[in-house]
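K.L.:
Just the structure for this:
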Amino acid sequence: MSRELTGFYRSLAEDTDPRGLAAPDLVRRYADRRARTRAALGVLTAAALVGVTAVGAQFVLAAAPDTRVGPPADTPAPPSPVPSDPTPTPSATSPGPSGSASRQPPSTSPTRGGTSPAARTPTSIPDSAFFALAAANDTGAGSRFGEGQVLPALCGAEPGASGTVRQRVRSVPFKLAGTPEGNIPDGLYRHSITIYRDGKAAAALDELRDAVRDCPEQPVGKVTSRQKLLPSSGYGDESVLFEMRSPSVDLNGDPSGGGGEDVRLIRAIRVGTVVTVLWEQGWEGGSSPKPQVDADSRRAVLAIRNWLR
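P.N.:
Modelled structure (predicted):
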């Protein structure tokens, strides 16, 4: 400290508090101590702020562990990469005419002997599974359910006898369109539906074909009946149609002597594991009207498909 300042301080001390002022060295020591105290307090305050900030951040992170900010909701997602030359799998390709692989559509054909894709295996046969006659062919007599044969005798063969799960049979009289009211029916169906175990329905139709081929002739009552397979396609998954042709007979079963013949038509149709048979037995003679049998065969298939849906 300079002499002038020291002298001035001494004069000031003498003119003020009689207790005197602190010496300059003591004042300087107090000032240094205050400065150090302020610095220490500043450091402690900063440290406390840092600690509080760290604790708050940890608390926020613990309360919301996954609060990532994503793109706006209406931001379109980037398109997925599409291979420029995809390699087809072996099961979906087949060699083309030039040796290259060409894609083939999956097969939807029913498996022979199994259930078609649109059919299921039922466990019971409701009345709705049987077709209804067209209004022009309905005699008004209705149908009658009962027991009995579903196929005519074929030299003792019993096609489709094994593998049966359930079976129902009914008799349905019908008339031809234009037949006057009150007339006798023009024909009578022996209509049956049979459920088979898997694979047995197709086997039943194979057995029926063999039985018809193996029985070209047989006695029926007082006359001889001749059996023959006929073309049949477009009914269900597969079908068998055959005729039984014999001389016309009178009401007593004797040959009429006029040289005429009666023809009975029988069609068996498979839909999955179900087989339906329309056996047209006639009504007091006459032959089976094939257009009517064909039309009712289509109605029978439609009724079964609706039932199996």
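K.L.:
In terms of helices and strands, where is A295?
P.N.:
If you go by DSSP states H and E, A295 is part of helix 290-308.
K.L.:
Report the buried residues of that helix.
P.N.:
Neighbour counts over helix 290-308 (16 or more other Cβ atoms under 10 Å) mark 292-294, 296-297, 299-301, 303-305, 307-308 as buried. Every C-beta, even on glycine, is put in place using the N, C-alpha and C of the backbone.
K.L.:
now the residues you listed as CSV including distance to P185 and pLDDT?
P.N.:
Formatted as CSV, these follow (distance: Cβ to Cβ, whole Å; pLDDT from 0 to 100):
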residue, distance to P185, pLDDT
Q292, 12, 98
V293, 14, 98
D294, 18, 98
D296, 13, 98
S297, 18, 98
R299, 17, 98
A300, 18, 98
V301, 23, 98
A303, 21, 98
I304, 24, 98
R305, 27, 97
W307, 26, 96
L308, 30, 95
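K.L.:
got these as TSV, with distance to W279 columns?
P.N.:
Formatted as TSV, the buried residues of helix 290-308 follow (distance: Cβ to Cβ, whole Å):
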residue	distance to W279
Q292	14
V293	10
D294	15
D296	12
S297	12
R299	16
A300	12
V301	16
A303	17
I304	16
R305	21
W307	20
L308	22
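K.L.:
Could you tell me which ranges of the chain sit under the pLDDT cut-off?
P.N.:
Confidence mapping of the chain against pLDDT under 70 gives the ranges 1-120.
K.L.:
in the chain, which spans are strands?
P.N.:
93-95, 101-103, 144-146, 164-174, 187-196, 217-220, 223-230, 238-247, 261-271, 274-280 (DSSP state E).
K.L.:
Just the closest of the buried residues of helix 290-308 to V172, please.
P.N.:
If you rank the buried residues of helix 290-308 by distance to V172 using Cβ to Cβ, D296 comes first, at 8.7 Å.
K.L.:
so what's that closest one up against?
P.N.:
Contacts for D296 (Cβ atoms under 8 Å, 6 or more residues apart in numbering) come out as 131, 133, 137, 174, 189, 278.
K.L.:
Count the neighbours of the closest residue to the third one other than its chain neighbours for me.
P.N.:
Meaning N137. With sequence-adjacent residues excluded and distances taken as Cβ to Cβ, 6 or more residues apart in numbering, N137 is closest to F174, at 4.7 Å. Burial measure for F174: 24 neighbouring residues, criterion other Cβ atoms under 10 Å.
K.L.:
can you check A202 too?
P.N.:
As a measure of burial, A202 has 21 neighbours, counting by other Cβ under 10 Å.
K.L.:
nearest residue to W283 other than its sequence neighbours?
P.N.:
Once flanking residues are discounted, W283 sits nearest to P185: 4.8 Å by Cβ to Cβ, 6+ apart.
K.L.:
so how far is H191 from that neighbour?
P.N.:
14 Å (Cβ to Cβ, to the nearest Å).
K.L.:
Looking at the two, which one has more neighbours?
P.N.:
Applying other Cβ under 10 Å to P185 and H191 shows that H191 carries more neighbours, namely 22 against 17.
K.L.:
Cool, thanks, signing off.
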